[in-house]
Structures are given as C-alpha cells and as structure tokens.
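fold the following for me, if possible:
(one chain, ligands or ions: 1)
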Amino acid sequence: MKYIDPHIHMVSRTTDDYMAMAQAGCVCITEPAFWNGFDRGSVEGFRDYFLQLTEYEPRRAGKYHIDYYSWICINPKEADDPSFAREVISIIPEFLESQRVVGIGEIGLNKNTKNELMILQEQIALAEEYDQLILVHTPHLEDKLKGTRLIMDAIGANSGINPDKVLIDHAEEHTVAEILDRGYWAGLTIYPNTKCTPQRAADIVEIYGPDRIWINSASDWGQSDPLSVPKMRFEMKQRGHSEELIEKVTYGNPIEFLSQSEKFNYYYE
Ligand SMILES: [Zn+2]
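Down below sits the predicted model:
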C-alpha cells in the first residue's frame, strides 16, 4: 500500500532515508520550511534554503519516485526580530510562484512572544493575500495547549482565512478535539520520544474518528524516524483496522487536504 508523509524535513535526511521510505510505500511528501538547527545570519541564507526546497530537493526525491512539494515561511524560532523577519517575508512571494509550493508553513509560535505573534499574523495575512494553504507548527510540551489556542485565535481573527485550508500540526490528546471543533484539520506527529507514539496516534484516531486528520513523521535533524508513518499503519493493522481506514488517514486524507492547492497534482490512485 502507498502512503504520504505530509510533514518531513528531507533537507536534514540522507538519501538512504529516501530509499527506505520509497521501499516502505512512500509516494509523496511535503516539506515545510523550518528552523534548520541554527539561526541564519542573513536574508540570503533564507533565499538559498527556499531554493533548496523548490529546486534541489524535489529532484532528489524524484530519483526515488517520490512526488515532492514544499511550504515556505519564516519559522517562529527565527521570527523574534521583526525587522529581520519582515525582510525574509518580503522574498516569500517569489517562491509562492513555484509549482512545488503548496502553501505558507510551518508557521506558529515558539515561546509565545509578542514579536512572534505579530510575525505570525503577518504571515497569515500573506496566506490570505496569495490564497495559500497554511501549515501550523504548535509548541512543545507544557506550552502546547496555550500556544495552540493563541495560534487558532490569530487565524480565526482573520476573516479571510477558510479553516478548511489550515492544518494545525503536532496535535496531541489535549488539543485535537478543540482543533477539529474549530473547523481546522489536525496533524498527528509520530516521534520516538516526544509527541505521539504510533500507539497514541492510533488511540486518537479511534476516539475522534479518521476525518480531517493526517499522520506525519516531522522527521528532521533531531532524534526522529522517517519511517514512523508506516509504523503507525502497522500498529493500526495489528489492532484489526481495515485497509480502507488505514489508507484514509495515511494517504487519502493528505490528498484531500493538499488538493485544495491547485499546485498539488498527485492524484489518488
Ligand atoms: Zn516540522
């Protein structure tokens, strides 16, 4: 069976990972712009990164028959200096023209500061202006519930944004109900340590149902697992769930959400 990993940072992964993912059934990925493990010192550093996400990485994925799309933004961790963040935002529109870019992301909050919130609002406005999908990163651990609410309030305050076109990622047991209730999509991230395990993600799908939920690895340069989506699929299989249900959350749902972007032309087969 095929699957999609709709949130993974392949710029931080090896080509062996592409090979292993392809062998496990991965046919398509989307890669959000994020904090690369260090603060970039100039706007040109971001420009090179955005070029990597729109030109180089799609070709590398293509060698393993994996269809590749990306999201562009300045991430919350590097958005605490407003004048620098605005310079980066000023170069984003040229990358939104790329046929590989499906939206603005992953935007959100890191330490929930005023500056971060202001830059978040400006990037939400950018998504509205250019009619882009939005992918949201929610903070970790104890700040998660508060940060998730602050972000949803900021998006909700912009009446030009359709909640159907927004996915709030790294949802957990205590945030998923509110995300879905407010009309957004929810992402469950499977991580070896923090975030969800395959078992917890399967529990959440059992409790809240399979609609408007996608599963991803958010695999990056840290301790993470590029094969965590197939591991979640196996967990669901072990529990006796149907192939149809497993396919819906790990293949059909990402296609349904992403197809709202006219750039996304991976069709359900
Ligand atoms: Zn991420």
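
so where's the stretch 151-269 of the chain uncertain?
The stretch 151-269 of the chain contains residues with pLDDT under 70 at 267-269.

for residue 60, grab the count of nearby residues.
Residue 60 has 16 neighbours, counted by other CB atoms under 10 Å. Backbone N, C-alpha and C define where each C-beta goes, glycine included.

quick check: phi and psi at the residue of the stretch 101-250 of the chain found nearest the ion.
Per CB to the ion, residue 218 is where the stretch 101-250 of the chain lies closest to the ion, at 4.5 Å. Dihedral pair for residue 218: phi 40, psi 30, per degrees, to the nearest 10.

that one - how many residues pack around it?
Around residue 218 there are 26 residues (other CB under 10 Å).

for it, which non-adjacent residue is closest in space?
residue 189 (4.4 Å; CB to CB, 6 or more residues apart in numbering).

quick one: contacts of the helix or strand that contains the one you found?
According to DSSP states H and E, residue 189 maps onto strand 185-189. Residues outside strand 185-189 that contact it (CB atoms under 8 Å, 6 or more residues apart in numbering): 6-7, 135, 164, 166-172, 175-176, 179-180, 195-196, 201, 204-205, 212-218, 257.

swap in 7 Å and give it another go.
The contact list for strand 185-189 (CB atoms under 7 Å, 6 or more residues apart in numbering) reads 7, 166-171, 176, 179-180, 195-196, 201, 204, 212-216, 218, 257.

in strands only, show me those.
Of the positions in the contacts of strand 185-189, 166, 167, 168, 213, 214, 215, 216 sit in strands, assigned by DSSP state E.

between those residues, which has the most around it?
Of the ones in strands among the contacts of strand 185-189, with other CB under 10 Å as the count, residue 215 tops at 32 neighbours.

just so I have it, where are all the strands in the stretch 1-150 of the chain?
Here the stretch 1-150 of the chain has its strands, by DSSP state E, counting those that start in this stretch, at 3-5, 26-32, 67-72, 101-108, 133-137.
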